[in-house]
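> have a look at this prediction, sequence included:
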Amino acid sequence: MTTIQRDAPEYKPASENLSTLQEVAALSRFEGPPDRFLAELLAAQCQLSGAEGGAVLRAGTDNQLVVLATHPATRIVDGGTDWIAAASACFKDVIGGGKTAVEPEPDQHESGDRPQRQVIVIPIQGGLSRHAVAAFAVRSENPADVDVCQERLELTLFLLNLFEMRLTLRQRQVALDRISVALETLTAVNRSKRFMEAAMSLCNEIATRWHCSRVSLGFLNGRYVQVQAMSNTEKFSRKMKLLQDLEATMEECLDQDVEVIYPAPENATYGSRAAEQFYRNHGPTSLVSLPVREKNEVPAVITLERPPESAFTPEEIENARLTCDLCSTRLVELREHDRWFGARMAASARRGLGVLLGPRHTWLKVAAVFIFSLAAFLTFTKGEYRVEAPFIFEATVQQAVVTPFDTYIKSIAVMPGDEVEAHKTILGMLENSELRLQLAALEAEKLKYKKQMAAAQRDRKTAEAQIAQADVDKAAAEIRLVNYKIERATLTAPISGRIVSEDLTQQIGAPVETGTVLFEIAPVDSLRAELYVPEDMIADVKEKQGGLLAAVGHPDQKLIFVVERINPVADVVNERNVFKVRARLLNQYEWMRPGMEGVAMISAGRESYLWIGSRRPINWLRMKLWI
């Protein structure tokens with residue numbers, strides 16, 4: 001149920017004896033409070049329109065309507081009147097639609113076709129009366145008279161808008177005056193080049209503009225506040241009781257970070273024991289202490305004193321707070337600038353430690369601690385420095401089977417990877433038919449020479465017999481050579497191992513020359529690694545250094561090796577200068593084969609992780625920048 005609360009004091013308009021135009025002119029220049037203005041406005045509207053009564057209603061809390069003003073005030077009783085109840089019934093419709101409504105008073109429904117008294121409800125738009133309506137009770141049986149009354153009431157509502165605009169302008173002017181005073185004080189402070197001069201200027205300016213008997217400025221020095229300047233006072237002794245009590249009052253304000261006013265208001269929530277002690281010892285006085293803030297900190301406190309009969313108003317305190325906030329940066333900068341070098345450094349270190357150890361920026365500090373710990377770990381913790389290099393497996397001993405004479409490949413008996421046994425496994429056959437023909441011819445020629453030698457001996461021709469004997473020996477030697485070649489045409493394995501050369505089955509019948517390598521045999525149980533160390537890392541590699549390597553096909557199995565030999569001359573591999581390093585394997589597996597590749601890690605000593613990670617970039621920068 002909608003109820004009506006009484007919110008405005010009852011005023012008897014002073015304009016009752018004035019003419020209508022005089023009333024309008026007086027309202028256009030009205031300087032009083034808003035509730036008094038509403039009462040005067042309702043009186044003028046009722047007089048101008050002939051309404052029996054008027055009221056201003058505003059939406060309140062808990063579905064209630066609040067009566068801001070009424071006319072005449074003597075006719076309002078608890079619960080309102082019938083015509084106000086009618087206005088409250090259509091309140092939401094008028095506010096929502098924004099149009100004037102005319103409703104009959106409930107008690108008048110039985111009198112004639114049209115109610116004798118009508119309730120005119122007009123929506124009000126404005127800052128002070130937002131979501132409010134003006135309701136008027138008009139007694140008339142003529143609808144035209146009601147319409148004329150409605151027009152007059154709507155036209156006179158401009159006085160409310162005019163009053164609100166004048167009130168807004170007055171508030172803005174007050175704000176501009178406050179800013180002007182603060183800027184003038186800041187200008188006086190900025191003219192000073194030294195801290196004490198600026199502090200004295202601030203105290204004197206505030207004392208003059210706010211009519212203070214004394215203004216004192218204290219700065220936080222360590223854990224205590226020390227008075228730095230007093231208005232109209234150049235020198236003062238710190239042993240003075242007045243100064244000690246004043247500093248205690250300032251510390252009380254700084255600790256609470258609120259304005260401390262004494263005598264304190266009844267609803268004050270701050271402590272003012274030190275201010276009360278100061279009042280008893282050096283009063284009576286009206287005192288207010290303001291914290292001077294700079295970057296969310298309170299480095300100073302300013303205390304204003306006045307005679308007790310001139311207490312500080314809230315507007316004056318707000319103005320003083322604005323002035324202090326504007327001047328705080330300049331004062332702090334000058335104070336820091338005037339301190340000697342050691343004090344500035346100590347203050348800077350203290351601020352840094354305060355930020356580091358204070359309760360703010362928790363995640364940033366956690367990140368800083370983590371980064372610092374990581375940097376310390378990388379700098380002081382040593383790890384294994386390893387030189388990375390690709391490698392290839394090679395056989396320790398590798399035997400080649402070559403062509404003993406110019407011929408053709410007749411057959412191939414083995415494939416790459418086949419295991420062979422020394423002097424037993426036949427690798428292939430070479431074509432020897434020409435050799436056999438040559439052997440037959442040589443044997444016939446030998447027989448011929450033997451016959452010639454026998455005939456010469458029979459005829460006792462010694463010289464001819466000797467020549468024939470020499471020809472026989474020559475033919476026998478050539479026969480032995482041909483037999484040797486025929487034997488060599490059958491290729492057998494010279495050593496035990498595996499075939500590591502390419503497949504020759506596609507070259508059967510192809511001609512080969514003497515010395516052509518046909519097969520390569522390597523013992524798989526004796527392999528070594530050939531490492532290709534980049535030239536920028538070779539300086540870290542020494543003989544007898546150890547390490548680990550892993551083949552591409554078996555990265556999970558690590559092999560231990562020892563550096564045996566470093567090639568003193570660089571080779572170009574994949575368009576990059578590398579040094580070949582021979583490594584002896586200390587353990588081997590059955591899957592290892594010559595030609596397998598992988599990555600080797602040579603242990604080059606223990607260094608800090610920071611040195612290990614930055615060595616190559618630093619060397620690169622040194623080469624690029626020539627440093």
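Happy to help now that I have it. Numbering: from 1, shown residues only.
> per the record, what domains does this structure have?
Taking automatic domain parsing as the domain assignment, the ranges for the chain are 3-156, 179-349, 399-519, 526-625.
> in terms of mean pLDDT, which of those domains ranks lowest?
Lowest mean pLDDT within the domains of the chain: domain 3-156, at a mean of 68.
> circling back to that earlier point, out of the domains of the chain, which comes closest to residue 367?
Of all these, domain 526-625 sits nearest to residue 367, with 19.3 Å by Cβ to Cβ. Using the backbone N, CA and C atoms, a C-beta is placed for each residue, glycine as well.
> ok, back up a step: want to try JSON lines for the domains of the chain, with distance to residue 372 and mean neighbour count as columns?
Output for the domains of the chain, formatted as JSON lines (distance: least, Cβ to Cβ, whole Å; neighbours: other Cβ atoms under 10 Å):
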{"stretch": "domain 3-156", "distance to residue 372": "56", "mean neighbour count": "17"}
{"stretch": "domain 179-349", "distance to residue 372": "17", "mean neighbour count": "17"}
{"stretch": "domain 399-519", "distance to residue 372": "56", "mean neighbour count": "15"}
{"stretch": "domain 526-625", "distance to residue 372": "13", "mean neighbour count": "15"}
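> in TSV, list these along with distance to residue 386.
Shown next, in TSV, are the domains of the chain (distance: least, Cβ to Cβ, whole Å):
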stretch	distance to residue 386
domain 3-156	77
domain 179-349	42
domain 399-519	30
domain 526-625	4
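> the helices in the stretch 101-250 of the chain, which residues?
Under the criterion DSSP state H, counting those that start in this stretch, helices of the stretch 101-250 of the chain are mapped to 143-156, 158-190, 195-209, 241-256.
> of all the ones you listed, which lies closest to residue 537?
Closest among those, using Cβ to Cβ: helix 195-209, at 61.5 Å.
> so which of the helices of the stretch 101-250 of the chain is nearest residue 131?
Of all those, helix 158-190 comes closest under Cβ to Cβ, at 14.0 Å.
> what angle separates the closest one from helix 195-209?
Orientation check (axes from the mean of the first three to the mean of the last three Cα atoms, to 10 degrees): helix 158-190 against helix 195-209 gives 150 degrees.
> returning to what we had before: wait, which of the domains of the chain is closest to residue 362?
Nearest of those to residue 362, taken as Cβ to Cβ: domain 179-349 at 16.4 Å.
> and that closest one, how far out from the chain's middle?
Here domain 179-349 is found 39 Å from its chain centre; the criterion is Cα atoms, centre = their mean, to the nearest Å.
> same thing with stretch 454-471?
On Cα atoms, centre = their mean, the centre of stretch 454-471 falls 112 Å from that of its chain.
> for the protein, identify the residue most remote from the centre.
residue 459 (120.4 Å; Cα atoms, centre = their mean).
> measure that one to residue 450 for me?
Residue 459 is 15 Å from residue 450, where distance means Cβ to Cβ, to the nearest Å.
> sorry, back to before: of the helices of the stretch 101-250 of the chain, which approaches residue 338 most closely?
Nearest of the helices of the stretch 101-250 of the chain to residue 338, taken as Cβ to Cβ: helix 195-209 at 4.4 Å.
> so what touches the closest one?
Identification of contacts with helix 195-209 by Cβ atoms under 8 Å, 6 or more residues apart in numbering yields 181, 184-185, 188-192, 212-217, 228-232, 234, 302, 304, 320, 323, 327, 330-331, 334-335, 337-338.
> now do stretch 144-161
Counting by Cβ under 8 Å, 6+ apart, 24, 27-28, 37-38, 41, 44-45, 48-51, 100, 102, 118, 120, 122, 124-126, 128-129, 134, 136, 138, 140 sit against stretch 144-161.
> for the domains of the chain, which one sits closest to residue 375?
That would be domain 526-625 among these, by Cβ to Cβ, at 7.8 Å.
> quick check, central residue of this protein?
Geometric middle of the chain (Cα atoms, centre = their mean) lands on residue 364, at 9.8 Å.
> need the longest strand for the chain.
Counting residues, the longest strand in the chain under DSSP state E turns out to be strand 382-395.
> picking up where we left off before, where does the residue nearest to the centre of the chain sit, in terms of helix or strand?
Per DSSP states H and E: residue 364 is located in helix 362-380.
> and the helices in the stretch 501-627 of the chain?
With DSSP H, counting those that start in this stretch as the criterion, the stretch 501-627 of the chain has helices spanning 609-625.
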